[in-house]
Each structure stands twice: as structure tokens, then as C-alpha cells.
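Colleague: just coords:
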């Protein structure tokens, strides 16, 4: 039981490049989330998916898109990376419709130059 | 919109000292409350949670938290810290209506000196 996995662990992009962050969970959870963590700001929600086939914007969705590929996988795409998107990105999942505790992946450290 | 405040940004303690980290939230309805810990270089792990019932909640590794509804607070405590408790601690809130996701505080960095 791997829990929540994320790839890649580290990534460096140039401004304007695109990339997709992958997330998968093996706990049969309905809800999945993408957060970004910046120093002194805690974690801020980018997008979430309360069930397969649905996605909703969080606090900071601009510049990102997501895909809930199936129940296990939830990807985050940066279409045109900007230095302001330099951050650590965490994926999480939870049982039910999103009111329970969340289980986090190990994170992706992204640097945009 | 709900928000979470953690007033202590950086706390330095000696081993065996007692710990209390403050957490206040702004939401008038029913909430689920969480404390997460992030050890250096690692992902977030759940310390404890409160959904309902006894407002004094016990978590892992000797941590506890008290929910005081009238003060909109959910402070984290530990009677005697260890060097291994050095980490960042996040309070999080989930209102039982509306957006189905956590709102996090900005975090408190705890440094325990041997």
C-alpha cells in the first residue's frame, strides 16, 4: 500500500515551458486535491476533485489545469510556467466527499527560472 | 470564507519544555479540525483531528488539542517536547458545508534544542 505517490520529485522549468505533475492514490479515495506550499503561507488549495469526473477551483487556480483521469489519478498541468509558480506542490486524497482527514504525497519541488 | 490563524510563526524550546501552539479559525458553522506535522524534508502527516464529541483530543506521540467553540480555537499542546518534535505544525479547518477541502494556517516552525 503506497498511499499517495507523486512524480516527479524535483523539476526545473524555464519560463513559458509546460509540464504535468502526476498523482496517484491506492486507497480507493473519492476526493483528491492539489496544494502549493510557499514559505510563511501554509498550503493553499489549487484545485480539487470530490469524485471521479468532477473538478473544482480552489483558492489559487490561475495558471493551472487539472484532470481527474480516473478514481486513482489526478494530474496538475502548468501550461506556461511562470517564476511565481516556483513552489512545492502536494497532492492529497481523502475518503468520502472531502470532509475527512487528507493523506498527502511526498511533494514535487518545482523551480521556474 | 473560512480562514485559519496561527499566531506563533517560530517557536524555540528546550527539550522537556511544555508546548502550546495557538490556532484560531473564522467560521461560524460546524467544523472539522486538524493538526498536521511536517518533519524536515517530508510530507504532511496527521497528528490529530476533531469532528465531534469530547473537545479534548489526543493524538500520536503525546500530542493533544482542545477545541474551545466559544473562542473558535483549537490549540495544540504537549507536556514535554523532544528534539525529534522539531518540525513545522499546521492547523487546518474544514467547514462541513461549502468547499470540500481544508483551509490551512500559515504554520508554526518548532525548533527543539537538546
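Modeller: That came through fine. Worth saying up front: this structure is predicted, and the values here are computed from it rather than measured.
Colleague: Test my guess that residue A:75 contacts residue A:24.
Modeller: No - at 9.2 Å, residue A:75 does not count as touching residue A:24 under the criterion of CB atoms under 8 Å. In this view, the C-beta of every residue, glycine as well, is placed from N, C-alpha and C.
Colleague: Look at those two and report which has more neighbours.
Modeller: Neighbour count, other CB atoms under 10 Å in any protein chain shown: between residue A:75 and residue A:24, residue A:24 has more, with 20 against 17.
Colleague: right, and the helix or strand after the host helix or strand of the more buried one?
Modeller: Assigned by DSSP states H and E, residue A:24 belongs to strand A:19-25. Later in the chain than strand A:19-25, the nearest helix or strand by DSSP H and E is strand A:31-37.
Colleague: Get me the contact residues on chain B for chain A.
Modeller: Residues of chain B lying close to chain A (CB under 8 Å from any CB of the partner chain) are B:4, B:6, B:9, B:32, B:34, B:36, B:42-46, B:49, B:90, B:94, B:96, B:99-107.
Colleague: Return the members of the residues you listed classed as buried.
Modeller: B:4, B:6, B:32, B:34, B:36, B:43-44, B:46, B:49, B:90, B:94, B:99-107 (16 or more other CB atoms under 10 Å in any protein chain shown).
Colleague: thinking again about what came up before, how about the strand holding residue A:24 and chain B, touching?
Modeller: No - using CB under 8 Å from any CB, strand A:19-25 never reaches chain B; the gap is at least 12.0 Å.
Colleague: List the buried residues in that strand.
Modeller: Buried residues in strand A:19-25, counted by 16+ other CB under 10 Å: A:21, A:22, A:23, A:24, A:25.
Colleague: ok, residues contacting that strand?
Modeller: A:3-8, A:11, A:13, A:32, A:34, A:72-78, A:81, A:89, A:91, A:93, A:103, A:105, A:108, A:110 (CB atoms under 8 Å, 6 or more residues apart in numbering or on different chains).
Colleague: can you do 6 Å?
Modeller: A:4-7, A:13, A:72-78, A:89, A:91, A:93, A:108 (CB atoms under 6 Å, 6 or more residues apart in numbering or on different chains).
Colleague: Stretch B:66-78 now?
Modeller: Against stretch B:66-78 from outside (CB under 6 Å, 6+ apart): B:19-25, B:33, B:35, B:50, B:55-56, B:62-65.
Colleague: Stretch A:30-41 too?
Modeller: Residues outside stretch A:30-41 that contact it (CB under 6 Å, 6+ apart): A:43-51, A:74, A:76, A:87-94, A:98, B:101, B:106.
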